[in-house]
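[1] A predicted structure for the sequence below; I have some questions about it.
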Amino acid sequence: MTQERTPMKLPTLLAACLLAASTISYAQAPSGDAAKAPRKARFDCSQAKDPKACEERRAKAKAANEKAAKACEGKQGAEHVACMRTVRCAQTKDPAQCEAKAKEKAAKRDQVIEACKDKKGDEFRACAQAQRGKK
């Protein structure tokens, strides 16, 4: 009778579990100061021609967005998007023009998404930029 040695499965299993647990720990949401820190703005008003006016426009837009979010609370999907657009545009000087521009932008976005639907990641971004006419 010969005995075959089976490889030790416990250390391998333990190593796999530790690896999985360590990768999950890096995916935690920020806490402490990082969670409380304000999000970085897309545009730096200090670089604008009139920084004070830029900050005022940004504050006005933020307030309008917050008002729209409260008004559209509880709605989902396309209904939520339409509600947000309507409430935001109602606060502008020319609501009809705002609605038209918003619908035009949405149509262009849908065209880009349709044209690039088979691509993912960097390939999708490159395709979307090409569709929008960027280099």
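    Everything's here; your move.
[2] Quick check: pLDDT value at residue 130.
    The predicted local confidence for residue 130 comes out at a pLDDT of 89.
[3] Let the chain start at 422 from now.
    Noted, 422 is the first residue going forward, which turns the last one into residue 551.
[4] Show me how the record splits the protein into domains.
    The record's domain parsing of the chain by automatic domain parsing lists 465-512, 517-556.
[5] Tell me which of the ones you listed sits nearest to residue 432.
    Closest of these to residue 432 is domain 517-556, at 35.8 Å (criterion: C-beta to C-beta). C-beta: built from backbone N, CA, C; applies to glycine.
[6] And the contacts of stretch 519-535?
    The list of residues contacting stretch 519-535 from outside it, by C-beta atoms under 8 Å, 6 or more residues apart in numbering, reads 502, 506, 507, 509, 510, 513, 549, 552, 553.
[7] And it, how far out from the chain middle?
    Computed by C-alpha atoms, centre = their mean, to the nearest Å, the chain-centroid distance of stretch 519-535 equals 17 Å.
[8] try stretch 480-495
    Using C-alpha atoms, centre = their mean, the distance between the centre of stretch 480-495 and that of its chain works out at 17 Å.
[9] Quick one: mean pLDDT for it?
    The average pLDDT within stretch 480-495 is 90.
[10] now swap in stretch 530-541 and tell me
    Over the span of stretch 530-541, the pLDDT mean works out to 90.
[11] Would you mind putting the CA coordinates of that stretch into PDB?
    These are the backbone C-alpha positions of stretch 530-541, laid out as PDB (Å, rounded to 0.1, in the frame of the first residue of the first chain):
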ATOM      1  CA  ARG A 530     -25.600  62.600 -25.200                       C
ATOM      2  CA  ASP A 531     -28.000  59.800 -26.300                       C
ATOM      3  CA  GLN A 532     -26.400  59.800 -29.800                       C
ATOM      4  CA  VAL A 533     -22.900  59.500 -28.300                       C
ATOM      5  CA  ILE A 534     -23.900  56.700 -26.000                       C
ATOM      6  CA  GLU A 535     -25.600  54.800 -28.900                       C
ATOM      7  CA  ALA A 536     -22.600  55.200 -31.100                       C
ATOM      8  CA  CYS A 537     -20.200  53.900 -28.500                       C
ATOM      9  CA  LYS A 538     -22.400  51.300 -26.800                       C
ATOM     10  CA  ASP A 539     -20.100  48.400 -27.600                       C
ATOM     11  CA  LYS A 540     -17.000  50.000 -25.900                       C
ATOM     12  CA  LYS A 541     -15.900  50.100 -22.300                       C
END
